[in-house]
Structure formats: C-alpha cells, structure tokens
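Enquirer: Provide a 3D model corresponding to the input given below.
(2 chains)
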Amino acid sequence: MSRRRSEQRLKRLIMSLTTRWMSGELWQYREREIGTIIYSLGCFPSQADLHDLIAEVEEDQTGYIHLDSFLPVMSKVLLEHKFPPIPEDLLLQAFEVLDKEKKGYLEHEELTKYMTQEGELFTQEEVDEMLTALADHEKNVVYYKDLINQLTIDPDM
Amino acid sequence: MGCGVSKSNQFHKNSGKAIKSAVLIQRWYRQFVARKEMRRRYTWHIFQSIEYSGEQAQIKLYNFLGYLMDNFTPASNERNLISHIFRENEVCRDAEWERYFCYKNIEVPDLYSGPHLTFPLTVEQAVGLVEAFRNKKQLHSRYVLQLLLETWKQLRLLPNINRISTCHSKEITICGDLHGQLEDLLLIFYKNDMPSLEKPYLFNGDFVDRGKDSIEILIILFSFLLVYPSEVYLNRGNHEDHIVNLRYGFTKEVLSKYRMHGKRILKLLQKIFSWLPLATVIDQKVLVIHGGISNTTDLSVLARVDRHNYNSALRPPKKRHQNVAGKSIDSDEEAGSTNKVFQRRPSLTFPRTLTKDCFQNRSLQDFSDRLRANTVEEVEIHKRLPGPLGPENDTSQSCESISSEDEWRQILDLLWSDPMAQDGCVPNEVRGGGCYWGPDVTEDFLNRHNLQLIIRSHECKQEGYEFCHNRKVLTLFSASNYYDVGSNRGAYVKLGPDLVPYLVQYQASSMIRELSVRQSAGRSERSANKVLREQLFAHKSDLICAFKKLDSGNKGRVSLANWASAVESVMRLGLPWRIMRSQLVTGRSADSSIDSSIDYYEWFNELAIKGANADHIDQSLLETLYRHRSTLETIFRIVDTDNSGFITMEDFRQTWKLLSVYLKMEITEEAISDLAVTIDSNQDGSIDIEEFMEAFRLTDKKSRLERGRSMFMGTASDLTKLEGDPNI
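Expert: Have a look, this model is predicted:
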C-alpha cells in the first residue's frame, strides 16, 4: 500500500477518534491530546518519547500541532513499531521488583512513593486517580497480578 | 550492567531496576488512562449521535407529514389521521379558552394527599411544592390547570427578550437543560438555595422530555415565576415544543400521570410554551439563549416578532388573513372547514436564498419521489420561486410572508443551533434544524450588538459546561448523568455585576458514589454498545450490501480495514470502528488469524435478536421496524387523537400505510392485517401502543418466552415479496 493511502487512512482514523468531541480546533491538536491519540493507536511511548515527538511537529511555540504535520511522523511510528506494547510478563516483573517483600500486592504508600519519586514522575493527582481506579477498595491495596489481565492490546490496525 | 558485585554496585543495580520498573508501570498506566478516555469519548459520541439523529428523524417525519397535508386531497383517510396536529387551535377567543381550560368543576377527592394550592401563590406554597415532589407526591390536575392558567397570564405580559440587570450586587444563577431530571433541580436548590428576592434565577430551556419528572419541574419553575416575577426568568428551549414532546416522552408522561385531564393540560402547555420568552440579556452585555445564533440572527427583529404564533418552532408561520376577526390575542384560525380560511401550510421545504438552500431542497427531495400523482409539479413550483410561498398566495401578502419566514427562521436558529470550531455558518444537518455557527459569526454578532458573552445550553457536556470560541461562548448543561449513570456532571453558573462567570458543578444520584471509576465507565460503555449493536442490526441489509461489494471472491469474509470502512459508509457515525471492533464483533465471527478478517454473515447471526419466532418474520420488515421504531411510535401517538394509549384496528392499518409511504416500502393489506390481528391479543378491536412497542425491544430468547408473547407468529408469507427490494 502506498504511503499516501496509508496516511489517508490514518488521518481518517485519527479524525474519527477526535472529531466532534474535541473542543479545540478541528485541525490542530493541543499537546496533551497528541499523547492520548498516540496511546489510543496502540503505542506505548514514554514521556520522553512523547516530548521528542511533539517537538518534531509542534508549530513554533503555539502549543498547537497541525494534523498534516503530525500524520507522516505518526505513520512512521506505526510502520516502524517504534513504541511497542509492553509484554505482560515484563510488566509483571516490573511490579514484582517494586513489591520487595513479594506480598503479591502493593500498598498505597508503596505505589505512591515509587510513582511520584522515581522514573517519569506522576503528579499527586495522577497517583490518586490510579489508586482509585486500580486498588481493591476494601483492602486498599493493588493486586497487580489481576491487573495485568486488564491489559488489552487492541488488534493490529 | 556493571560486573562488580560490590555493595554499592548492588545498591545501584537495585535502584536502577526499581527506576526502570517504575518507568514501565508509568508508561503502561498512562496508556491505559488514555485508552479509557478515548473509549469514554466515543461512548459519549454514540449516545449523542443517537440523540441527535432522533431529533433529525423527528423533523423529517414532521416535514413528511406536512408534505402529505399539502398534497393529499382533503377526503383522504391519511390526511384526516394526522391533520389535527396541523390544525391551529380550535377556538380563538379568550372566553372560549377559559371555558375549555376550566378547572373549577374538577373535584379534589378527600383521599388526595398532595399539596393544595390557593391563588395568588405564596412562597410557602412554592417551597411546599418542592418538598411534596421530593416526597414523590403528585399535584392534582385541578391545581395543575389553575397554576398553568395563571402562568399563561403572566407569560403573556413578558417581552420576547428579557432584560435583567445585576444591580445591587445581586448575583444571578443560570441553569441549563434539566430534561425532566428532578433530582438535579433539587440538588441545585440544595447547593444554591431556592429562588428568592435575593437570589434571582434564569432557566435556559429544555425543562422537559427524556427524564421522568418533566411536569414536576415545570410546576416548580412556574410557581416560582408567579411568586417572584422579577427574579425568575425562563427561556424557551427546543423541547418546549409539542411536536418534539411526542417523541421524547413528555406527552407520554403527562398522559400517564394525568389520565383524565392530561389532554387539556398538554393543550394549555402548548400555549404556554409558545409564550415563553426567547432570550435574555443581562446588563446589556451577556446574551442567554437556549441553542445559539446564526449569521442572520438579529435581536431587534427577534424583539418584534409575535412569538406566540410559533407553537412549534418546527412549523413555519401561518399567515394572518384580513377576513379573520382579529380581536383576540391569538389570531388563530377557526375550526370547521366551511370557512376555507384553513390555509395549507408549506412544510420546511421553502427554498431559501441563503446558503441553507441545499438543506431545504434535500428535505424536499426526500419525499417528493415517494408520493405518486400530481405532486411533482407542485413541488417544482415550490422549489423555483424564491419569493412568495406558493402560487395560491396573494401578492399583497408576499412582503409579510417573506418577513414572517425570516422571523421563523430566526427563532429556529435561536433554539436549535450548535457552535462549531471552523469559521462560517452551515445548516445543522445532524439535528435537522438551526445551524452550526463558527467563531467569526460569534465575533461579528457580539460586535454588532455590543455584547461580550453568549451563554447557551442545548448540548450535553461531560463537565456540565464548556467554553468555546475564545471563551466568548459558554455551553451550560444542568442534567447530570444524562446519557447514563456516571456519564456527565451538571453545572450552573453565577453571574455578578462583574459579569465573570462562576461555575459550580455537581452530579446527582447516590448510586454514583458507590460505583468505582472503572465500574461506571464500563456501564456506560456496555449501554452504548447495546444501543449501537441494535442500530447495526437495524441496518443489516445495507451493511450486507456494502460488505458484498468489497468481498469480490464472494467468500463471506472481509478484511478488518474493509469491514470498518463499509460500516462507516452505512452508519455514518464517524466512530473509530477498527478500535471498537473487539467490542462489536464477538463470538465465532471474530477471527484471530493473521489476516484478521471477519465473517460477516456469522456476525449478523450473533447480532440478531434471538426470538423464538424470528424465523417467521420477514427479516427486512423486522429490520425496518427496528430502524424506525421511534418514528413508528411517534406516528401512533399522533394517530391516537384522544390520547388514550390505544388505537383502533382501522387506524393501525392507516398508520402502516402512512409509514410504508414514508419509508417507500410496500406492505400488503394482508400483511398489515396479519400484524394487527396478532397484536390485538384480547381481540377487542383495539391495540395497546405500549404493548406493541414493547414487542420491538431487542430481547433475548428467554425473556420473550417468559412473557408468553410471540408477536410475529404466523405472519403471512406474502411478506417474502419484500425480499430483494434494494430500498429496504
């Protein structure tokens, strides 16, 4: 398939993800929306990756990104499988590393500490949201093994 | 990594691992959140599309019926069936109205435990009503009528455009759509206190429809309007319209709560709705309207119109004739056709001189080919003349009729329009009325009228409000959980003398707190998916047709990419079908092989209703019924002139004939008879509308059998004639 055609298809897909419910401009997306779009297309970039990508396409300092500049870059990302999904077993290992005592779960404080102090830091808000969404409400802990099953990677597009 | 295993190295190695792990988890989680957000968005989009296409369908139906009126001979049965919704009010003098709406001989039984009202209304009584409704009481029809009569009198004194000032440091509270959701109104009053001399309120339309307590909301709003006429303001919304109410539940609600007097209550409400002010201006700087504006909106024109002539914004104005005694306030036509004053009204088919031409003509083209005999030429004439409404008009009236056309259009735009991101102004084809207007139109409008902000409602927003057009337009929506439990918050805005909007959000329903974020998102999604699957099933023939075109080898399979584009070409919902595939294509039809193709026949087998006797029914008939279920129900309610909830066998047949013309479908008399006989389960010659509609729910096999109702048993095989009709 020609690059042009696949770009067109990608464009339609992105538009279907965002048209009509984006309160911003139809053809220009704000930075944070780009992250959402990229994730939704099945990619798992890190924050650093995202920033690099956005810097590549951003229009000066406006904070807006034009869809037409974004398309070729995004096509390339998809074709090269640049930000592949995280394999389940690797994710499980990651949790197990943090769960030093091998309890099978992580407590609120543990997770909060790691998320807000290590790696690509979460804001307090992000952590709170994460705990609300993922934690077992009665025991107040995160049973990470169960969570892994939640990881649904959409079929190839 | 390092090769030494010294303690410090070990430490670094461990913390290195921890950092890497943290990064991985963070990356994963951010992706998870983004996808969840995306799913929420398109779930929303599904609900909204269904809602708006329902509005569009209603307008189309109304246009169609209007077109029938214009083109069928007066003797025809079909015309008589529906003419009453076009007929203007039967009596035209106030005294006669008073008699018709008289409540005085309605007795309130001793057993009645609801509130009693005495007029003039007091604050205590208004507050008492709120309490009573909170406790699930119902106001007696006598008091309802009395209250409505007083409200009607009050509204007639009001101008088209309310003008308020926030003097004396009074903050005004503005609320958006409530849509019959009493819990939200109660929540607003709880958070913000009830209306009073110190607490003025403005309610921006759409008080009714969809929710189950529309009449209670109206009663509360009207009571406070009567008690505090200078502090409570109401704007008309597009749902304050009896045509819309037929489809969206308000008519049904009133008739079921007030079996004996419901019809009169509805009639009086029609008048009240037409007398609701169209807009409000605050401090000469902030415009508050329900829908929006267009590039032709002119407040000075709107201030001058006779708004009460527009019972339904969907109907163009009737013309006034010199020979009708014009003394009454409502210069409506007289009943009885001896006086041929009854003017055939053109439906929404009048060609415009603006860019909205194509919209009008398209509506016209929808139907002109559906009606046979002598109609086409007339249609052509209507299309060609840009000026007068039709060949029967006096030229002396042409000037008046052009400006009344303009007036009507202005009102339609005010109540139905939505903002868009691009510049310009185009017809709002999604809803079927009003337009989409862009930031340039806002800018121009505000400058022309020396205003600084537009506050409007009409669209549901997840946070209850949303700014757009450079923060010059604020959308405000006050019905929380509108699409489903957990779908959105509601909001109200407070405006003080500084005119800086201060927004307050809330979310009703105690159920919300118990659901975790994950649960409530899942619920909405399941709900939306169910709705979507129903729609997909209802378009089965078109979809199969589209698939076949892409299935050159006739293998019964299409690739994922082709599946997605075929579905979009039929459904036109603009949804990310590829991403949603896993939720919509389940079971055996989902293929996990490398080529990710989909067996589409198998897919429809899984989508289909599992009715015990689904095989006996012609699939295309069934499909059509599912697709147009809401329209069918609406027609039933129109045909049910005495609003009893039952229609006669004869009317049922007529309805089907009407529908078959509308849908360009052929259904034989015999098929209709079979249908009718099957449904009339108690054989008394009348059909229960509710029961009939219930039979159309997409249900699973078990519940059908449980209900003991097999609607389509023994349908005539004549229906097989319809197979192969490409138009169905």
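
Enquirer: going forward, measure contacts between C-alpha atoms and count neighbours the same way
Expert: OK.

Enquirer: B:Leu139: neighbour count?
Expert: When neighbours are counted by other Cα atoms under 10 Å in any protein chain shown, B:Leu139 registers 22.

Enquirer: so it: helix, strand or coil?
Expert: The three-state label given to B:Leu139 by DSSP: H, G, I helix; E, B strand; the rest coil is coil.

Enquirer: just the element for the residue nearest to the spatial centre of chain A, please.
Expert: Centroid-nearest residue in chain A, with Cα atoms, centre = their mean: A:Tyr39, separated by 4.1 Å. Assigning secondary structure by DSSP states H and E places A:Tyr39 in helix A:31-40.

Enquirer: for A:Pro85, phi and psi?
Expert: Dihedral pair for A:Pro85: phi -70, psi 160, per degrees, to the nearest 10.

Enquirer: name the element the residue lying closest to it once chain neighbours are set aside belongs to?
Expert: Distances taken as Cα to Cα, 6 or more residues apart in numbering or on different chains place A:Phe44 nearest to A:Pro85, at 5.6 Å, with adjacent residues excluded. Assignment of secondary structure by DSSP H and E places A:Phe44 within no helix or strand.

Enquirer: just give me the neighbour total for A:Phe44.
Expert: Residues lying near A:Phe44 (other Cα under 10 Å) number 25.

Enquirer: list the contacts of stretch B:26-38.
Expert: Contacts to stretch B:26-38, defined as Cα atoms under 8 Å, 6 or more residues apart in numbering or on different chains, come from residues A:17, A:35-37, A:39-40, A:43-47, A:86, A:115, A:119-120, A:122, A:130, A:151.

Enquirer: now it, how far from the centre of its chain.
Expert: Its chain's C-alpha centre and that of stretch B:26-38 lie 34 Å apart, by Cα atoms, centre = their mean, to the nearest Å.

Enquirer: buried residues, that stretch. List them.
Expert: For stretch B:26-38, the neighbour count (16 or more other Cα atoms under 10 Å in any protein chain shown) marks B:26-36, B:38 as buried.

Enquirer: one more: stretch B:103-110?
Expert: Within stretch B:103-110, the residues scored as buried using 16+ other Cα under 10 Å are B:Tyr103.

Enquirer: one more: stretch A:44-54?
Expert: Neighbour-count burial for stretch A:44-54 [16+ other Cα under 10 Å]: A:44-47, A:50, A:53-54.

Enquirer: swap in stretch B:574-583?
Expert: Neighbour counts using 16+ other Cα under 10 Å place B:574-581 of stretch B:574-583 among the buried residues.

Enquirer: which members of these are the farthest-apart pair?
Expert: The distance between the two most remote of the buried residues of stretch B:574-583 (Cα to Cα) is 14.0 Å, for B:Gly574 and B:Arg581.

Enquirer: for chain B, what is the nearest residue in chain A?
Expert: Residue nearest to chain B within chain A: A:Ala94 (4.4 Å; Cα to the nearest Cα).

Enquirer: can you give me how far stretch B:473-485 is from the chain middle?
Expert: 14 Å.

Enquirer: with stretch B:441-453 instead?
Expert: Offset of stretch B:441-453 from its chain centre (Cα atoms, centre = their mean): 29 Å.

Enquirer: quick check: mean pLDDT of that stretch?
Expert: Per-residue pLDDT over stretch B:441-453 has a mean of 96.

Enquirer: before we move on, back to that, the residue nearest to A:Pro85 against A:His81, yeah?
Expert: No. The pair A:Phe44 / A:His81 is not scored as a contact, 9.9 Å apart, by Cα atoms under 8 Å.

Enquirer: circling back: nearest residue to the residue of chain A closest to chain B in space, please, no chain neighbours.
Expert: B:Ser21 (4.4 Å).

Enquirer: surely the one you found forms part of a helix?
Expert: Yes. B:Ser21: assigned to a helix according to three-state DSSP.

Enquirer: how near is it to A:Leu90?
Expert: As judged by Cα to Cα, to the nearest Å, B:Ser21 and A:Leu90 stand 9 Å apart.

Enquirer: more neighbours: which of the two?
Expert: Between B:Ser21 and A:Leu90, counted using other Cα under 10 Å, the more crowded position is B:Ser21 (24 against 13).

Enquirer: list the contacts for the more buried one?
Expert: When contacts are counted by Cα under 8 Å, 6+ apart, B:Ser21 is found next to A:91, A:93-95, A:97-98.

Enquirer: now the two most distant members of the residues you listed.
Expert: For these, the maximum inter-member distance is 11.1 Å, found between A:Leu91 and A:Leu98 (Cα to Cα).

Enquirer: for chain B, which residue gets nearest to chain A?
Expert: B:Ser21 (4.4 Å).

Enquirer: where is the longest helix in chain A?
Expert: Assignment by DSSP state H gives helix A:3-18 as the longest helix of chain A.

Enquirer: and that one, what does it pack onto?
Expert: helix A:67-79 (3 or more Cα pairs under 8 Å, 6 or more residues apart in numbering or on different chains; DSSP states H and E).

Enquirer: and the angle from the helix it packs on to helix A:3-18?
Expert: Helix A:67-79 runs at 110 degrees relative to helix A:3-18, counting by axes from the mean of the first three to the mean of the last three Cα atoms, to 10 degrees.

Enquirer: so after helix A:67-79, what's the next helix or strand?
Expert: According to DSSP H and E, the helix or strand after helix A:67-79 is helix A:88-98.

Enquirer: where along the stretch 1-150 of chain B do the strands fall?
Expert: Taking DSSP state E, counting those that start in this stretch as the criterion, the stretch 1-150 of chain B contains no strands.

Enquirer: any regions of the stretch 351-500 of chain B where pLDDT drops low?
Expert: The model of the stretch 351-500 of chain B has pLDDT under 70 over residues B:351-402.

Enquirer: can you show me the strands along it?
Expert: Under DSSP E, counting those that start in this stretch, the stretch 351-500 of chain B gives strands at B:418-419, B:425-427, B:435-437, B:453-456, B:465-468, B:473-476, B:490-495.

Enquirer: B:Asn238: what secondary structure?
Expert: Here B:Asn238 takes the coil state, with states given by three-state DSSP.

Enquirer: please name the nearest non-neighbouring residue to it.
Expert: Once flanking residues are discounted, B:Asn238 sits nearest to B:Leu415: 5.2 Å by Cα to Cα, 6+ apart.

Enquirer: check contacts around the one you found.
Expert: Contacts of B:Leu415 by Cα under 8 Å, 6+ apart are B:236-238, B:289-292, B:313, B:434.

Enquirer: quick check, the helix holding A:Tyr39 touching chain B?
Expert: Yes. On the criterion Cα under 8 Å from any Cα of the partner chain, helix A:31-40 is in touch with chain B at A:35-37, A:39-40.

Enquirer: now do that helix: distance to the chain's middle.
Expert: Remark: helix A:31-40 is offset 7 Å from the chain centroid, using Cα atoms, centre = their mean.

Enquirer: next SSE after that helix?
Expert: Taking DSSP H and E as the definition, the helix or strand right after helix A:31-40 is helix A:47-57.

Enquirer: could you list every helix and strand in contact with that following helix?
Expert: With contacts taken as 3+ Cα pairs under 8 Å, 6+ apart, helix A:47-57 sits against helix A:31-40, strand A:64-66, helix A:67-79.

Enquirer: relative to helix A:31-40, how tilted is it?
Expert: Calculated by the same axes, to 10 degrees, helix A:47-57 forms an angle of 120 degrees with helix A:31-40.

Enquirer: weakest of the helices and strands packed on helix A:47-57 by average pLDDT?
Expert: For the helices and strands packed on helix A:47-57, mean pLDDT drops lowest on strand A:64-66, to a mean of 69.

Enquirer: who touches stretch B:441-459?
Expert: Under the criterion Cα under 8 Å, 6+ apart, residues B:176-177, B:204-206, B:237, B:284-295, B:297, B:299, B:416, B:418, B:423-425, B:469, B:472-477 lie in contact with stretch B:441-459.

Enquirer: many thanks, I have nothing further to ask.
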